[in-house]
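# Provide a 3D model corresponding to the input given below.
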Amino acid sequence: MNFFRLSERALAALVFALVFTVFGGCGSSAPGTIGAALGQTTDRRLFVRSLPGGQGAERAGLALDDEILLIDGKDVRAMSEDDVRRAVRGDVGSTMVLTILRGTDKREVKVERTPLIAGGKSR
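Numbers count the residues shown, from 1 in each chain. Next comes the predicted model:
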């Protein structure tokens, strides 16, 4: 299913920009993250683009192309890339609640932040 009206190149640039946003370093010695690369469209919709195996997002049941509507109750369309980065980072073991849309099914998913590991599957 095609959610975007962007060229492949524009979409790749958006995903690349957010990979650091989600996986990028944080000030603590053991930062945690949800463990997913996210892509934000020009209208600020946020989608799961990559799920490294064994990370919090995959463990919580997130899937490629899930749209994230809310992060801990906050509308992602009102969030900048920096806001998204701050929202998904935190201490390893801490949790957050994502409201996602998968097809027509809207649900809440509790995700535990895990340390970043290399590898994973992407699309």
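# Quick check: which ranges of the chain have low pLDDT?
1-30, 116-123 (pLDDT under 70).
# Strands of that one, residue ranges please.
31-32, 37-40, 46-51, 67-71, 74-75, 90-91, 95-102, 105-112, 121-122 (DSSP state E).
# Could you point out which of the ones you listed sits nearest Ala60?
strand 105-112 (4.3 Å; C-beta to C-beta). (C-beta placed from N, C-alpha, C; glycine too.)
# and the closest one with strand 95-102, angle?
150 degrees (axes from the mean of the first three to the mean of the last three C-alpha atoms, to 10 degrees).
# For the strands of the chain, give me CSV that also has mean neighbour count and distance to Asp82.
Shown next, in CSV, are the strands of the chain (neighbours: other C-beta atoms under 10 Å; distance: least, C-beta to C-beta, whole Å):
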stretch, mean neighbour count, distance to Asp82
strand 31-32, 20, 15
strand 37-40, 23, 11
strand 46-51, 23, 13
strand 67-71, 19, 13
strand 74-75, 12, 13
strand 90-91, 14, 15
strand 95-102, 18, 16
strand 105-112, 14, 20
strand 121-122, 11, 23
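# okay, the ones you listed in TSV with distance to Asp83 next?
Formatted as TSV, these follow (distance: least, C-beta to C-beta, whole Å):
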stretch	distance to Asp83
strand 31-32	17
strand 37-40	10
strand 46-51	11
strand 67-71	9
strand 74-75	8
strand 90-91	14
strand 95-102	13
strand 105-112	17
strand 121-122	23
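# Of all those, which one is nearest Gly61?
strand 105-112 (6.2 Å).
# Send over the closest one as PDB, restricted to the C-alpha atoms.
Presented in PDB, the C-alpha positions along strand 105-112 are these (Å, rounded to 0.1, in the frame of the first residue of the first chain):
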ATOM      1  CA  ASP A 105      -7.100  -0.900  13.100                       C
ATOM      2  CA  LYS A 106      -6.200   1.700  15.800                       C
ATOM      3  CA  ARG A 107      -4.500   0.400  18.900                       C
ATOM      4  CA  GLU A 108      -2.200   1.300  21.800                       C
ATOM      5  CA  VAL A 109       1.100  -0.500  22.100                       C
ATOM      6  CA  LYS A 110       3.300  -0.300  25.200                       C
ATOM      7  CA  VAL A 111       7.000  -0.300  24.100                       C
ATOM      8  CA  GLU A 112      10.000  -0.900  26.500                       C
END
